[in-house]
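J.: Dropping a prediction and its sequence here:
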Amino acid sequence: MTADIIDGKAFAAGLRERVGGAVAALKRDHGLAPGLAVVLVGEDPASQVYVRNKAKQTVEAGMQSFEFRLPAETDEATLLAKVHALNADPAVHGILVQLPLPDQIDADQVLAAIDPDKDVDGFHVVNVGRLATGSPGALVPCTPLGCLLLLRDRFGPGGLSGKNAVVVGRSNIVGKPMAQLLLQESCTVTVAHSRTQDLPAVCRAADILVAAVGRPQMVQADWIKPGATVIDVGINRIAKEDGGTRLVGDVDTQAAKAVAGAITPVPGGVGPMTIACLLRNTVTACCRQHGVPEPAM
Ligand code: GUN
C-alpha cells in the first residue's frame, strides 16, 4: 500500500480562486474591497519572505494590501499606536502583526490590542474563547484552519465524526486550536506533547494524526496506524550531504507513505494553506464588519 498524497498546493490554489471570486462579488454587489494590513517589525529574513508572499497573494485575490515595516528597535508604545490606528481605519478589515516580535515588545500586549473582529490570525483571547466555546464570530488561526479544510475535503460531510484524532504539539498557534476544531467536528481528540508517555503508542491509536512539534522527521512509520490520515504541519530546514539544505516535516514522510492511508507532503502540503486561509479570514472579517452574508469559500 502507498499513501494518497494530499495536494495542499493545489487545494490552496483552488481556495485562492474561490476567495478571489468572493472578493469580486463583494465589489460588484456591495462596493466593498476587503483590506489586509500586515505589520512587520525588524528584518527577520523568514518573516520578510512570509510578509512579501502575503502581500502578493492579497493583491492577486483582488484585495487591498497595506504593509508596514517598522525598524527592529521600535518600542511597544509605537507598535500599539500603529495597531490602534489600524483598528480605527475602515479600509482595513484584517490586521496581522508578524511574529516573532523583538524582545523589547510584549507580543501578548500587542495581540490583545488588535480589534478581535479584525484579528485574522485568530490569536486574540476573545477569538480563542469563541473557538473554544463554539460561539459565533470566531476568527480561526490560519494553519489549523487549513488542516481542517484538507481533512474535511478528504472525509466529506460528517466524515470526521467519531474518528480518533491525535494532535502532537500544544502551541497556541497550531496544536491547541487544531484540537478545538477537531473536537467541534466530533472527533475524539488527544493532545500529545513532549511529556507524553509512550508517544508512539498514543500516535498508533490515531485515525487522524496531526504532527505540529517542529522536530524534523520525529514521527516514525511504526507510530502510524495502517490507513491513517497524517497531516504534517512541520516546516524544518535541515542540512543535506552536499552542503545545501532541504525542507522536511515533522514526519518521516518517505517511510510513512508505506503505512498511512493519506499524507500531506512537505513542502506542498499544509504550508500553502496558511496564506490562503488568511485571505479567506480577511473576506470573512470584511463581511461581518459590514453585515454582509459570508460567501461559501
Ligand atoms: N509567524 C509565523 N507564522 C505566523 C502566523 O501565522 N501569524 C503571525 N502573525 N506570525 C507568524
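T.: Everything's here; your move. Numbering: from 1, shown residues only.
J.: which residues are contacting the helix or strand encompassing L150?
T.: Assigned by DSSP states H and E, L150 falls within helix 142-155. For helix 142-155, contacts defined as CB atoms under 8 Å, 6 or more residues apart in numbering pick out 6, 8, 11-12, 15, 120-122, 159-160, 163, 173-174, 177-178, 181-182, 185, 208, 210, 212, 229, 231, 233, 262, 264, 269-270, 273-278, 280-281. Where you see a C-beta, it was placed from the backbone N, CA and C, and this is true even at glycine.
J.: Please list which of these are also close to the ligand.
T.: Contacts with the ligand within those, as defined by CB under 6 Å from any ligand atom: D121.
J.: Which of the contacts of helix 142-155 fall in strands?
T.: 208, 210, 229, 231, 262 (DSSP state E).
J.: neighbour-wise, which of those leads?
T.: V210 (31 neighbours; other CB atoms under 10 Å).
J.: the helices in the stretch 1-150 of the chain, which residues?
T.: For the stretch 1-150 of the chain, the helices defined by DSSP state H, counting those that start in this stretch cover 8-30, 45-60, 76-88, 107-113, 125-133, 142-155.
J.: Contact partners for the residue in the chain positioned nearest to the ligand?
T.: At 3.6 Å from the ligand, L99 is the closest residue in the chain, using CB to the nearest ligand atom. Taking CB under 8 Å, 6+ apart as the contact definition, L99 lies against 47, 107.
J.: Could you check the pLDDT of it?
T.: On the pLDDT scale, L99 is placed at 96.
J.: okay, now the residue nearest to S47 when sequence neighbours are not counted: neighbour count?
T.: Excluding its sequence neighbours, the residue lying closest to S47 (CB to CB, 6 or more residues apart in numbering) is Q98, at 5.0 Å. The tally of other residues near Q98 (other CB under 10 Å) stands at 20.
J.: ok, Q98 - contacts?
T.: 38-41, 47, 50-51 are the contacts of Q98 under CB under 8 Å, 6+ apart.
J.: What of G268?
T.: By CB under 8 Å, 6+ apart, the neighbours of G268 are 7-9.
J.: circling back to that earlier point, right, so the helices of the stretch 1-150 of the chain: which one is the most enclosed?
T.: Ranked by mean neighbour count under mean count of other CB atoms under 10 Å, the helices of the stretch 1-150 of the chain are led by helix 142-155, which reaches a mean of 22.
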